[in-house]
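Chemist: Quick one, what's the 3D model for this:
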Amino acid sequence: MKRILFLTLVAVMLPLVAQANEFFEKVGTYGAQFLEVGTSARATAMGSAFTAVADDASSVFWNPAGLVEVRRNEFHVSQVEWPADMNLSSAVLAFNPSIIPGTFGISMRALWLDPMIVRTAYEPEGNGQTFDAGSTSFGFSYSQFWTDKFSAGLTANFIHMGLAEQSVNTGSMDFGILYRIGLRDMRLGMVIQNLGGKITFDERAAKMPTNFKVGGSFKAFGTDHQSLLIAAEFQHPADNAERSNFGLEYNMRDTFYGRMGYNLGYDTDGFTWGFGTVLKTGKYSRIITDYSMVDMGALHYVHRLSMSFIY
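Modeler: Below you'll find the predicted structure:
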């Protein structure tokens, strides 16, 4: 029965994704591109192969089905230094209310940059005025175990994008599932992201950057003092060619983590690496700090820093 449920969900989702894509790449024709920027230092250090790994508060951005792994309360913040002096900030609060089954998450992410000078053909150096540009999303997530091995999760997002005096509001939805096989901590995950309507700033409408991901992870070895997690996934974005992600995570005494990965088939992203540390502050509380660096070729390196507070 469990396997039938899992296969049925996969069969239902695949046709939706097939309709979302076309026969050729449509790079630069889809809107809300900030939704495709990875937010978590841990996930991006593993080459963004996180669909089947998702087990913390940042799961709301990668696979909301993994949010059920948050057993207590967790507050997660992350900062990304994106090229062209842009920044992506995000925050998540995950919690487990005692009167309602499942795990909830409230999230926010914002792409922002410093005010820019207004330039005209007659005043190329600026006319003394400035304008702002940026995008923000607010999300509400829910995840629950439906069997002892199968979980599903959903995130609903409200999206606001602004450029000078122009702005647009829209919504999107992410849906994911996770199946735990039970052998070597093997997990299979699937998620479809950014399902939503069109975005219209002026006259031409742009579609949401829908993306379908399926991946797996397993523990290559594990002892009382160390373990090695291996993950891989396949992506089918609506606005680009298919691509793959691979990642490793080495765990030493649940205190230090070393990570590396590779993005295959991307225009810029390539090798990734990073590390994380865990500081216990009480019987159940701890602070987790993660860092990652992604090689983006001509765009140089992108740095990410994340912190999680579990209490």
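Chemist: any idea how far the closest residue to residue 266 other than its chain neighbours is from residue 234?
Modeler: Closest residue to residue 266 apart from its sequence neighbours, by C-beta to C-beta, 6 or more residues apart in numbering: residue 243 at 5.7 Å. No exception for glycine: its C-beta is placed from N, CA and C like everyone else's. Distance, residue 243 to residue 234, by C-beta to C-beta, to the nearest Å: 8 Å.
Chemist: same check, this time on residue 106
Modeler: For residue 106, the distance to residue 234 (C-beta to C-beta) stands at 30 Å.
Chemist: Remind me which helix or strand residue 42 belongs to.
Modeler: Using DSSP states H and E, residue 42 sits within helix 41-45.
Chemist: which residues touch the next helix or strand after that helix?
Modeler: Counting by DSSP H and E, the next helix or strand C-terminal to helix 41-45 is helix 59-62. Residues outside helix 59-62 that contact it (C-beta atoms under 8 Å, 6 or more residues apart in numbering) are 38-40, 43, 50-51, 54, 65-67, 69-70, 90, 92, 94, 105, 107, 109, 139, 141, 143, 153, 155, 174, 191.
Chemist: ok, which stretches of the stretch 101-250 of the chain are strands?
Modeler: Along the stretch 101-250 of the chain, the stretches classed as strands by DSSP state E, counting those that start in this stretch are 103-112, 116-117, 130-131, 133-145, 150-163, 166-180, 187-196, 199-200, 205-206, 211-222, 226-237, 243-252.
Chemist: Just say which of those is most tucked in.
Modeler: Each of these was scored by mean neighbour count; the highest is strand 187-196, a mean of 23, by mean count of other C-beta atoms under 10 Å.
Chemist: Show me what that one is packed against.
Modeler: The contact analysis (3 or more C-beta pairs under 8 Å, 6 or more residues apart in numbering; DSSP states H and E) places strand 187-196 against helix 2-20, strand 166-180, strand 211-222.
Chemist: Against residue 201, how distant is residue 164?
Modeler: 11 Å.
Chemist: now swap in residue 108 and tell me
Modeler: As judged by C-beta to C-beta, residue 108 and residue 201 stand 22 Å apart.
Chemist: go on, residue 304?
Modeler: Taking C-beta to C-beta, one finds residue 304 at 29 Å from residue 201.
Chemist: Which one's more surrounded, those two?
Modeler: For residue 304 versus residue 201, neighbours defined as other C-beta atoms under 10 Å are more numerous around residue 304 (26 against 14).
Chemist: and the more buried one, what pLDDT?
Modeler: If you check residue 304, the pLDDT there is 97.
Chemist: Pull the contacting residues for it.
Modeler: Going by C-beta under 8 Å, 6+ apart, residue 304 touches 38-41, 44-45, 78-81, 274, 290-294.
Chemist: How about it, nearest residue that isn't a chain neighbour?
Modeler: Sequence neighbours aside, residue 41 is the residue nearest to residue 304 in space, at 4.1 Å (criterion: C-beta to C-beta, 6+ apart).
Chemist: So what's the residue count around the one you found?
Modeler: Residue 41: 27 surrounding residues under other C-beta under 10 Å.
Chemist: What of residue 296?
Modeler: Residue 296 has 18 nearby residues by other C-beta under 10 Å.
Chemist: And it, how far from residue 81?
Modeler: According to C-beta to C-beta, residue 296 stands 11 Å off from residue 81.
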